[in-house]
Every structure is written in structure tokens, then in C-alpha cells.
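> quick one, what's the 3D model for this:
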Amino acid sequence: ILAGQAMKAADLERVGLGGLKDLTLDTLLPVPVSERFPTGWARNDELAEGDLLYAVDGTTTEIVKFSDVIDNERIFEVLFDDGHTIKAGAGHLWLASSAATRKREWTKDPGHEAHSARMRELAARTAPGTLMSIPMLARAIGKTPERVYQLVERYGLERATVAADGTARWLGRGQKAYRMHVDAAEFFSRYAEMHTRDAVDTVVTTEEMFRTQTTERGNPNWNVRVAAPIQGADADLPVDPYVLGAWLGDGTTSMGAISAGRSEACTDSAGVTDHEHMLRELTAAGYQAATRPSHDILIGVRGLMGQLRATGVLNNKHIPAVYKRASFAQRLALLQGLMDSDGWILPDGTAGFAQLDGALARDFAELAESLGIKVMVHYKTTPQGKPVASMDFYSDLPICRLPRKLGRIAKYTSRRALRRRRKIVAIREIAGEQTRCIAVAHQEKLFLVEGFIPTHNTNFSRIALGKLSYGDMASAFKDPATLPKLGETVP
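Okay, here's the model as predicted:
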């Protein structure tokens, strides 16, 4: 858009199909529990405008727009080292780090930081759909036109030529033309994202990761950062979350009783046994608890059995969805109960939890992932031939309350820091499927999919402006008075 001209919404919708950041219709996304989504999960094709997703910072964000359903011939399956698999189109965007960018160390140069801040400001002040030429962008960021062209290629931005009447003609992938223009808001945003000090993440497409999925040594190249814990208000829970966790971990399936050891191995340095600790926690949670005369490690909890029956977990151990989408503090308390009763922490800080019950194992992994923890699941077989799911993870959260376990929680070292990232171990092209892309309101453009994995929003500007009727004219700028000063002439 030149000198304040406007683009037709029809143009925005037409070019949008070339750059959709799409997910298959069966992609699962975590959502707040509701009547429509009682499990806390929704398929892409079940969602509607106005529904809430979780953003990368853990807050909820509203869906503002969908593309039409697309018959996508190029679909890729992205496999992560923790076992999660996401299917996405070739142009779907990811915020990921490569082996090269992870080695990059920005110098603490205030000038560099100020430059990155200026790019973020330009991105915020430039309205979606604003087209600028390569020389104009070069002047705006203080680089040569040649360097800007390299960045446009690297970012995979769509390019256009603009006629004297303001009509944009969009070019195909790899096609060049004299006086090319690109979406300035998207360029500034990508430039800020990829050039922030200490940042190692870059915005890349699925196809770009597919072409460069291994390093020269054959190792996995791409990582995706683990998202922040999801947030929510305190839920009205029928059983105290710590108590439920303790019962799920080492409680009697058919009654309101919890086992806790008294042996030397279950005694901390102060002489407090796990049994004594559990009695204290149950009392603090408002329950009347006492050791059963028939068994010195079994604790009976008055009223708990009725609560468990009302919750639907008696004789059916699992974590109800309302607990898995409760507040951070409530979910952490639930994890603490599970870890105190049936988890372990090794001297090196590795935490673990094992279950013969496949449903409870999956619930445990989901709970931990919702708290921003990467969980590695290993499936084994017992000597009796029964399958068991063993999970291990690192976290510097207080994931337990037992002092003898809590003291082993270690801060992240450089090695453990890898657990803050998911490694992409394979990307495979599979048969085509129907897809659609999602636009959310969150400013960081990132929302969570299965495994609480962050993935990038579609090009919001084109989708959002596509709401206008064909032939309508939309201002290319949010506020002409706040335009960046780029000079009076247009190259």
C-alpha cells in the first residue's frame, strides 16, 4: 500500500490462500472445560469463532477467525522426542530453534537491544496489509536492500508488485519482479522475533524444517520450546487436589484409604516418616484421618469415600477433566499428592512416576505437561507380562511436599535445560488431508495444540481483514498519524 492507499479485502482473501498456516481437522487442542468440551480437548473442526484456546504464555485467547476448509495435498507429520505427533500443512508456522541458532550467543549490546525494540514498535504501529518496497524496508531497519531481500527470502514472505492505481499483483513462490513489495507489518514482526537478544527461536514453516530436519552429523536439527503452564481460576473441586493425588497414587481403589510407608527408606533426616507426613497433610486439608488398626501403613480418611464416589473415581482411578484444567496452584497440589505417594526423585534430580494403569499414566503426563513440564514416557513389560508406563522428567517446581523428596529437586543445568525444549526427531510427508487455519487474538500469535505444544498463528492480518465484504475498502494503516517516518517519495 503506497502513500496511504488502501487494499481491497478481496485481494487480502485471495492472497491469503498462498500462505495459510494450517492444521488438519482432527488436530486436538487443549481448551477450558465446558459443556461443549467436557474433556478439556477439542478437534480443530469442532471449534468456532469466540471459543478459547491456550496461548504460549498460558493465558486463554479467543479465536477470531478461521479459513475455509482446504483440500491440502501437502501434509507433514511432525514427531517429537516425547512421543507427540502433530500433522500440519507445508506452510504452517512454528517458533523453533535450529542447532545453529542454539549455538548463537548475542553480545549484551544495548544498541542491539534498542534496535530490536524499535522493530517491535514498528511492527505494532504498522497496520496489517501495509505493503512496502524493499528499499523502503531497508531504510526503516538500517540495512541494505540486498540484505532485506535475503531476509524476505529467508522468512518466506509473499511478494507483490503494485500498479499505479494501487492494485497488487501477487507473485508465486520464488518469482521475482522489479520493485517488489511485501507486507511490512509481517516483515517487522518476523525481524523482531528473529533478532531479539538472547533469542534462539526463529519462525519457520513445516516445509523449511522438513528440508533441514537433520544437521550435517545426522542429528535432529529443530527444537520447540516447552510452553508456560496454562492458567485458570480456582475450580470448585469436590476432593482436595493434594488428597486426590495421594489417593490416586497409593490409595485403595475401592475405599477412602491411603497407604504411606513407615520404613527406614520412608523416613527423612529429621526422623519424620512418610506416614506421619501424610497424616499431617490430610489434617491440614480439613480431613479426619487415622491409621487403620488392621494395617500400620494404611490411613483411613473419614468422608473421602463418598467424595470419591461423587467425583466418579471410586473403582475407576483417573484424573477428572475439571482437575486437569483447574488453576495452576490446584494442579500443582494434585501433582504433589501423586509424587508424594507414588513418585520418586533420584539424587541427580530426575523425577519419575510409573503406572500399570494406562489411563492414569496418560492423565499424569497431561497434568505435568499443563504445568510446563516435558515428560518422557517409556513403555516396559513387568516379569508377569503386564505393560507399565514409566515417566521421567525434570522440573524446578516444588513437585512434591515430602521433605526427603523435595530436597532432591535440582535447578536446571545446561544439560537439563534441554528438557525445556522438545526435540523434533522426524518429519514425514504423508497423504493429503483437509485442513483449516486458526487466527487467535493473542499478540504473540502462538497457541497450544496436543501435548501443550506451541504452534504459530496464521497470518492474522489477511484472515481478519477478510471479514470485510468484497469491494469494501479498509484502511491499510491503524492510524496515519502514527506511521513510521519513511520519507515522502516512494521508490
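
> quick one: what helix or strand has A310 in it?
For A310, the host element (DSSP states H and E) is helix 304-311.

> show me what that helix is packed against.
Packed against helix 304-311, as judged by 3 or more CB pairs under 8 Å, 6 or more residues apart in numbering; DSSP states H and E, are the following elements: helix 241-250. The way it works is simple: take the backbone N, C-alpha and C, and place the C-beta from them, glycine included.

> mind giving me the packing neighbours of the helix it packs on?
For helix 241-250, the packing partners by 3+ CB pairs under 8 Å, 6+ apart come out as strand 257-259, helix 274-284, helix 304-311, helix 328-342.

> and those: which comes nearest V377?
Distances from V377 to each of these were compared by CB to CB, and the smallest falls on helix 328-342, at 15.1 Å.

> what angle do the closest one and helix 241-250 make?
If you take axes from the mean of the first three to the mean of the last three CA atoms, to 10 degrees, helix 328-342 sits at 30 degrees to helix 241-250.

> next SSE downstream of helix 328-342?
From helix 328-342, the next helix or strand downstream (DSSP H and E) is strand 343-345.

> quick one: W222 and T39, what's the gap?
Shown here: W222 relative to T39, a distance of 30 Å by CB to CB, to the nearest Å.

> residues making contact with stretch 41-61?
Contact with stretch 41-61 is made by 23-32, 36-37, 62-66, 69, 95, 227-232, 328, 372, 435-436, 438, 440-442, 444, 446-448, 452, 454, as judged by CB atoms under 8 Å, 6 or more residues apart in numbering.

> mind listing what's buried along it?
Taking 16 or more other CB atoms under 10 Å as the basis for neighbour counts, the residues of stretch 41-61 that come out buried are 41-42, 44, 47, 51-58, 60-61.

> how many neighbouring residues does the nearest residue to D68 once chain neighbours are set aside have?
For D68, the nearest residue in space outside its immediate sequence neighbours is R436; the separation is 6.9 Å by CB to CB, 6 or more residues apart in numbering. The number of residues packed near R436 is 21, by other CB atoms under 10 Å.

> for R436, what are its contacts?
Contacts of R436 (CB under 8 Å, 6+ apart): D22, L23, L25, N44, D45, F66, S67, D68, V69, I70.

> ranges for the strands of the stretch 151-300 of the chain?
Listed in chain order, the strands of the stretch 151-300 of the chain (DSSP state E, counting those that start in this stretch) span residues 159-162, 168-170, 181-183, 202-205, 223-225, 257-259, 289-291, 298-301.

> for the fourth one, C-alpha coordinates in PDB please.
In PDB, the C-alpha atoms belonging to strand 202-205 read as follows (Å, rounded to 0.1, in the frame of the first residue of the first chain):
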ATOM      1  CA  THR A 202      13.000 -18.400  14.700                       C
ATOM      2  CA  VAL A 203       9.700 -18.600  12.800                       C
ATOM      3  CA  VAL A 204       9.900 -21.300  10.200                       C
ATOM      4  CA  THR A 205       7.400 -23.300   8.100                       C
END
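
> ok, that strand: who's next to it in the sheet?
strand 93-97 (antiparallel) (DSSP bridges).

> show me what the longest strand anywhere in the chain is packed against.
Criterion DSSP state E: the longest strand present in the chain is strand 421-430. With contacts defined as 3+ CB pairs under 8 Å, 6+ apart, strand 421-430 has these neighbours: strand 75-80, helix 206-211, strand 223-225.

> which one of those lies closest to A365?
Put simply, out of these the one that sits nearest A365 is strand 75-80, at 12.8 Å, with distance taken as CB to CB.

> who does the closest one touch, helix- and strand-wise?
Strand 75-80 makes packing contacts with strand 85-89, helix 206-211, strand 421-430 when contacts are defined by 3+ CB pairs under 8 Å, 6+ apart.

> okay, the strands of the stretch 151-300 of the chain in CSV with distance to T382, mean pLDDT and mean neighbour count next?
As requested, these are exported to CSV (distance: least, CB to CB, whole Å; pLDDT from 0 to 100; neighbours: other CB atoms under 10 Å):
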stretch, distance to T382, mean pLDDT, mean neighbour count
strand 159-162, 59, 83, 20
strand 168-170, 60, 78, 17
strand 181-183, 57, 87, 25
strand 202-205, 42, 85, 21
strand 223-225, 34, 93, 21
strand 257-259, 20, 96, 22
strand 289-291, 30, 95, 16
strand 298-301, 24, 96, 22
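
> make JSON lines out of those strands and add distance to T283.
Compiled in JSON lines, these are given as follows (distance: least, CB to CB, whole Å):
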{"stretch": "strand 159-162", "distance to T283": "68"}
{"stretch": "strand 168-170", "distance to T283": "68"}
{"stretch": "strand 181-183", "distance to T283": "61"}
{"stretch": "strand 202-205", "distance to T283": "52"}
{"stretch": "strand 223-225", "distance to T283": "41"}
{"stretch": "strand 257-259", "distance to T283": "13"}
{"stretch": "strand 289-291", "distance to T283": "6"}
{"stretch": "strand 298-301", "distance to T283": "10"}
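
> let me know the pLDDT of R362.
On the pLDDT scale, R362 is placed at 94.

> over to the one 3 residues further on?
On the pLDDT scale, A365 is placed at 96.

> give me the element it is part of.
With DSSP H and E as the criterion, A365 is inside helix 358-370.

> who's in contact with that helix?
Counting contacts by CB under 8 Å, 6+ apart, the residues touching helix 358-370 from outside are 30, 229-230, 248, 317-319, 323-325, 331, 334-335, 338, 353-355, 375, 377, 387, 389, 391, 393, 395, 451-452.

> let's see that with 7 Å instead.
229-230, 248, 317-319, 324, 331, 334-335, 338, 353, 355, 375, 377, 389, 391, 393, 451-452 (CB atoms under 7 Å, 6 or more residues apart in numbering).

> just stretch 388-404 next, same as before
Counting contacts by CB under 7 Å, 6+ apart, the residues touching stretch 388-404 from outside are 268, 274, 277, 281, 332, 335-336, 339-340, 343, 345, 349-356, 358, 361, 364-365, 368, 371, 373-380, 382, 406, 409, 411-412, 416, 419.

> can you select the buried ones from those in ChimeraX?
With 16+ other CB under 10 Å as the burial test, the buried ones among the contacts of stretch 388-404 are selected in ChimeraX as follows:
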select :268,274,277,281,332,335,336,339,340,343,345,349,350,351,352,353,354,355,361,364,365,368,371,373,374,375,376,377,406,409,416,419
